[in-house]
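>>> Take a look and give me a structure for this.
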Amino acid sequence: MGLFASCCILAWVFKCIAYGATIPSRTTLINPENLIPLHLATETLATISDPYPDKPRITFSPDGTFKITVFSDMHWGENPWDAWGPEQDANSTRLMETVLPSEKPDFVVLNGDLITGENAFKDNATLLIDRIVAPLNAAQIPFSSTQGNHDNQKNITHLQEIIREQQVAPLSYTRVAPMGVGGVEGPGNYWVPVYEKASGMSHLLFHQKSDTQREFHIDSTPILILWFFDSRGGFSYGDNSSAIPDWVDESVAAWIESESAAMNDAWGPPENRGALAFVHIPPHIIQKLQADLNSTKEPGLNADILGSGSTQSTTNEANVGQDDAFWNSLNANSPSKRFLISFFADHGDEWCIREPTKNVIFCFDKHAGYGGYGDPSWGYGVRNLVFSSTDPKAGIQTWIRLEEGDIKANVTLNADYT
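Below is the predicted model:
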C-alpha cells in the first residue's frame, strides 16, 4: 500500500488520461482481455487546467448560468429477443429527444445503468451506446457518463462502454482513471472543469524560486468541478461471472487527494470553486436519512425504501463501511458550500436531503429510461441543476421535469437548505 499511495500522490505528475483500443468492426466482440492502450498521456501541473486539449471548454452561458440535465437508469437493451424490449428503448429515445430541445442544457450527464448488461447480447452490446448517445450527438450537447451495476454484467463492462462512447461521441467528456485507480471493474473516475468563459486558453508560467518551490500563474481557472465516480457493482464479464464489489474503491480516495492538491496548487483553495459529484450507487450513509424525510422541505417521489444493495457496500453485511475511504476523502478535499452529490440506484426516489455530519446535499435523480423496474405512476423524466456564476452563495436551483413537461420538486439548495 505504501508504494501504491506514493504513486497516487504523484498522479498529477504522470497520469493516464484515457485508454482506447483498436476500433472493432460492428460484429466484433470487444474482449476486455484484448484491450490495448492507444496512448499514455502525461498530465502535469502545467496542463491540469486543460485535460481536454482536443475538445471545446465547458463553460457557463452568457447569462451567467450553467444548466445540467441528468438522464439516469436508461437501461437500454432489455429483452432484445421480444417486442417489449425494443419498444422501451424507443420510448427512452423519444424521452431524450423531447427533453433536450425543451430544457436546452449546457451539459448532460448519463448517470449509470445505461445498459441492462445481463439481457443485452454479448456480440453487439456495445453498439447500444451508439443509440444512447445519438440524440446528444444530433443536438451537439457535451456530456459525461457514469456506469452502474447493470453496466458490469456477463455481457458488458464499464470499460467497454467508455471506449465505445469515446469512439462514437465527439462531445463525450468521459475519461478513464489512471492505472491502479478504481479497483476491479471500476475505471470511470475522472473530473471535468467548467469555466466562466470560453476565451483565454489557460497557460502556465514558471518562475524558478528555488529547487523545490515554484510560483504559478494561470490566466483563467474553472469555477466549477464536475466529479464522476465509479461505484462498480454487478458481475464480472463472461459466462463464469462473479459478484463485483459495489462501492467506490479505496484507491480512489488517494487519487482524489492528489488531484485536489494539484488543483489547489494551480487554481487556489477549493473554496474558490463549486463542486458537484455524480455516482450511480449512493454512499451507504444516506440510507439512515430516508426515515426523517420531510415532504415539504425535501419534496419528490419517495416510493423506494433504501435497503441492502441499494447503497454502497451494503449487499454483504461484512462489507458495510468499505465506501468510507472514498466518502471521507471526497468531503475532506471539497470544502465547498456548493458541494452536491447526485446519484441514482432506486428508481422510485427523487428527493434531496442534507447529510448533517459532512454538510453535503444528496439528490436522487429521476428514472429517465423506460427500461428497468418501475411503476407507470412514477413517471419518467430528468433532474435539472442550475448553477450561477455571479453569486456563489445563491445556491443551486434543481427540479424534476417529467417527459410530458410537468415540473415537480423544485427547490433551491444552498447553505440554508436543511
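>>> Show me how far stretch 315-335 is from its chain's centre.
In this view, stretch 315-335 has its centroid 17 Å away from the chain centroid, taken as CA atoms, centre = their mean, to the nearest Å.
>>> Quick one: the helices in the stretch 201-350 of the chain, in order.
Assigned by DSSP state H, counting those that start in this stretch, the stretch 201-350 of the chain shows helices spanning 251-267, 324-332.
>>> What segments of the stretch 151-300 of the chain are strands?
In the stretch 151-300 of the chain, the strands defined using DSSP state E, counting those that start in this stretch lie at 190-195, 204-208, 214-218, 224-229, 274-279.
>>> Can you tell me which of those has the worst average pLDDT?
Here the lowest mean pLDDT among the strands of the stretch 151-300 of the chain goes to strand 204-208, at a mean of 35.
>>> one step back: which of the helices of the stretch 201-350 of the chain sits closest to Q153?
helix 251-267 (21.8 Å; CB to CB). Where C-beta positions appear, they are placed from N, C-alpha and C, glycine not excepted.
>>> Pull the closest one out as PDB, backbone CA atoms only.
Extracted as PDB, the C-alpha positions of helix 251-267 are listed here (Å, rounded to 0.1, in the frame of the first residue of the first chain):
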ATOM      1  CA  SER A 251      -7.700   3.600  -4.200                       C
ATOM      2  CA  VAL A 252     -10.000   6.500  -5.400                       C
ATOM      3  CA  ALA A 253      -9.600   8.200  -2.000                       C
ATOM      4  CA  ALA A 254      -5.800   8.800  -2.500                       C
ATOM      5  CA  TRP A 255      -6.500   9.800  -6.200                       C
ATOM      6  CA  ILE A 256      -9.000  12.400  -5.000                       C
ATOM      7  CA  GLU A 257      -6.400  13.800  -2.600                       C
ATOM      8  CA  SER A 258      -3.700  14.000  -5.200                       C
ATOM      9  CA  GLU A 259      -5.900  15.600  -7.900                       C
ATOM     10  CA  SER A 260      -7.300  18.100  -5.400                       C
ATOM     11  CA  ALA A 261      -3.800  19.100  -4.300                       C
ATOM     12  CA  ALA A 262      -2.800  19.700  -7.900                       C
ATOM     13  CA  MET A 263      -5.900  21.800  -8.400                       C
ATOM     14  CA  ASN A 264      -5.200  23.800  -5.300                       C
ATOM     15  CA  ASP A 265      -1.600  24.500  -6.500                       C
ATOM     16  CA  ALA A 266      -2.900  25.600  -9.900                       C
ATOM     17  CA  TRP A 267      -6.100  27.400  -9.000                       C
END
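>>> Next, the buried residues of that helix.
251-260, 262-263, 266-267 (16 or more other CB atoms under 10 Å).
>>> Can you name every helix or strand that that helix contacts?
helix 2-9, strand 214-218, strand 224-229, helix 324-332 (3 or more CB pairs under 8 Å, 6 or more residues apart in numbering; DSSP states H and E).
>>> Could I get the average pLDDT for that helix?
93.
>>> And the helices in the stretch 1-150 of the chain, which stretches?
2-9, 84-103, 128-139.
>>> any idea how far L301 lies from S231?
22 Å (CB to CB, to the nearest Å).
>>> out of those two, which sits in the busier spot?
Under the neighbour definition other CB atoms under 10 Å, L301 and S231 were set side by side, and S231 has more, 31 against 21.
>>> check contacts around that one.
112, 146, 148-149, 186, 246-248, 279-281, 312, 323 (CB atoms under 8 Å, 6 or more residues apart in numbering).
>>> Arrange those residues in a markdown table, one row each, with neighbour count as further columns.
What follows is those, written out as a markdown table (neighbours: other CB atoms under 10 Å):
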| residue | neighbour count |
| --- | --- |
| G112 | 29 |
| T146 | 30 |
| G148 | 32 |
| N149 | 22 |
| G186 | 25 |
| D246 | 27 |
| W247 | 30 |
| V248 | 30 |
| V279 | 28 |
| H280 | 32 |
| I281 | 30 |
| Q312 | 32 |
| D323 | 29 |
